[in-house]
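Novice: My questions are about this predicted structure, shown below with the sequence.
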Amino acid sequence: MGHWPSIHDFCCQKTCRFGIIPVSEVTFLLFDSNRVHVMNVSRRRIYRLLFAFSLLFCISCVAVAQETPAETTTELSDVAEPTVQEGAAPICSAELGDTINVHLSGSLYFAGQFTAADIAALQAAGVKRVITLRTDGEIEWDEEAALKAAGIEYFAIPFRSPDSLTDQVFDSVRILLAENDSTTLFHCGSANRVGAAWLPYRVLDEGVPLETAVAEAKVIGLRTEELLDKARRYIRKKQANRQPKTEGERRTDEPDDGHDTTDSEIDLSIKPARPPVVEPVQLPEQKGINADFVDPELNVDEFIKRFEIESREIYSAREAIVTACQIQPGDRIADVGTGTGLYTRLFAKTVGPDGWIYAIDIAPRFIEHINVTSREAGLANVTGILNSQNSIQLPPESVDLVFICDTYHHFETPEEILATIHRALKPGGQLVLIDFDRIPGTSREWVVSHVRAGKEVFRGEVELAGFEFVEQVAIEGLSENYFLRFKKK
């Protein structure tokens, strides 16, 4: 049976129907639509032609390589327009005066840096608050003062390099964006950082598929590969924590190489009130005063029977305590150690639809209970936050009041958690501390054995954390507990 001729066959021989016949020239068969043409060319001429064709091919390759730039940067390439997920507000171009790179999704604006002259355009667009990712010194004018003078709320979650884009930044952004009841401008210098910081919220809280959200983030302004990588890592960890774990399975909140969390950190579940869903997490083994609360099998109904009963002072005096907190409509309150949510529910009604309550606790079951009951009660201004032992995990200057009721004696690292409370309070914000009055020889044996220190010690710790003592408020019905008010210096 015959075979296909090789290059050597073409150059040195010619074929016929009976086999291979050596010759000193090559026969080419040229076909057109009707005839076959035979052309004989010498071997030397063929070699010259092949050399010429090879040389031209090499020159063409070099030219193409010179026209194609090498990948010397880590900027992201352009992408096709993303497909909008049903139920999620699409991304569209917008204008805010002369502000650069402005986009809009529902009531959320994304942009680069605006100028003081653009604030009038922000007001005309109905912007009620601004969230910036810029760090101190990046701009030469006082953005915070100018916005506040215009009646616009200001929140700063500063980071600049990929190394400073931590899980805390992502958590803080998600908390603030969950309050989607007012028009917000989310900005940095060019919207590059904004795209990265917003991406987890789009995926985890608005339910948009990851690759669709990545495409949207690039439209907004994301262009740095390292920032995108940080966002992907955070999203993967949070999504993994939603999956049920089997015994012996690797903890999904353990950091990968290069990740910015440590083994001592507890995974934080930040879930908005709409929809109120809590992320199951695996907490590291903890012992001591809070061991029962971090138990994933904690029975909430048993604690409701213990906490929400008239024989408990802070329950029977709840209305007087709320009044003494001096809450104003529209206030933002952190209920630290919220427990079963007794005061969270009362506060949510007091601040009204323009206010917001952060229900903070280390007990996953409590947070799940609060999210469910808030939804059932129609309280759309509550966010449940599962915090760690050393942080309440709120953005800087984000709340007007921090309320700690029968919880301070459970703080295992009071100095660290007080520092995060101080940071979260707005200038002049107040801290209300209610706890058991531990007086050896007078207090019940349970109080003496359970509460680690007395009122003066607790007051001193708070003052050392940067707070000014204002007053002790007498509350009718409180005999075993005291009410102390502090102000952020």
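Specialist: On my side now, so go ahead.

Novice: Report the secondary structure state of residue 482.
Specialist: strand (DSSP: H, G, I helix; E, B strand; the rest coil).

Novice: So what's the residue count around it?
Specialist: 19 (other CB atoms under 10 Å). Placement of C-beta: from N, CA and C, glycine included.

Novice: who's in contact with it?
Specialist: Contact analysis of residue 482 by CB atoms under 8 Å, 6 or more residues apart in numbering lists 434-435, 437, 455, 472.

Novice: In those, find the pair that's most separated.
Specialist: Distance extremes for these: the farthest pair is 435 and 472 at 11.8 Å, using CB to CB.

Novice: Mark which of the contacts of residue 482 are buried, thanks.
Specialist: Neighbour counting over these (16 or more other CB atoms under 10 Å) leaves 434-435, 455 as the buried ones.

Novice: Mind checking which of these land in helices?
Specialist: residue 455 (DSSP state H).

Novice: Dump the buried ones among the contacts of residue 482 into CSV; add pLDDT and distance to residue 119 as well.
Specialist: Below are the buried ones among the contacts of residue 482 laid out as CSV (pLDDT from 0 to 100; distance: CB to CB, whole Å):
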residue, pLDDT, distance to residue 119
434, 97, 41
435, 96, 44
455, 93, 46
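
Novice: wait, which of the buried ones among the contacts of residue 482 is closest to residue 130?
Specialist: Of the buried ones among the contacts of residue 482, the one sitting nearest to residue 130 (CB to CB) turns out to be residue 434, at 34.0 Å.

Novice: from memory the closest one sits against residue 321, does it?
Specialist: Yes - Residue 434 is within contact range of residue 321, at 7.0 Å (criterion: CB atoms under 8 Å).

Novice: any shared contact partners between those two?
Specialist: The contact sets of residue 434 and residue 321 overlap at 314, 405, 483 (CB under 8 Å, 6+ apart).

Novice: okay if I get the residues you listed as TSV plus distance to residue 123, neighbour count and pLDDT?
Specialist: Below are the shared contacts of residue 434 and residue 321 laid out as TSV (distance: CB to CB, whole Å; neighbours: other CB atoms under 10 Å; pLDDT from 0 to 100):
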residue	distance to residue 123	neighbour count	pLDDT
314	43	21	93
405	38	21	96
483	40	21	98
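
Novice: So what's the residue count around the closest residue to residue 289 other than its chain neighbours?
Specialist: Of all residues not flanking residue 289 in the chain, residue 410 sits nearest, at 5.6 Å (CB to CB, 6 or more residues apart in numbering). The tally of other residues near residue 410 (other CB under 10 Å) stands at 19.

Novice: Isn't residue 410 up against residue 337?
Specialist: Yes - contact criterion CB under 8 Å: residue 410 and residue 337 qualify, at 6.6 Å.

Novice: tell me the pLDDT at the residue positioned nearest the centre of the chain?
Specialist: Residue closest to the average C-alpha location in the chain (CA atoms, centre = their mean): residue 170, at 2.5 Å. Predicted confidence (pLDDT) for residue 170: 94.

Novice: and if you look at the one 5 residues further on?
Specialist: According to the predicted model, the pLDDT of residue 175 comes to 89.

Novice: Settle this for me: it is touching residue 385, isn't it.
Specialist: Yes - in this structure residue 175 lies within contact range of residue 385 using CB under 8 Å: 7.1 Å.
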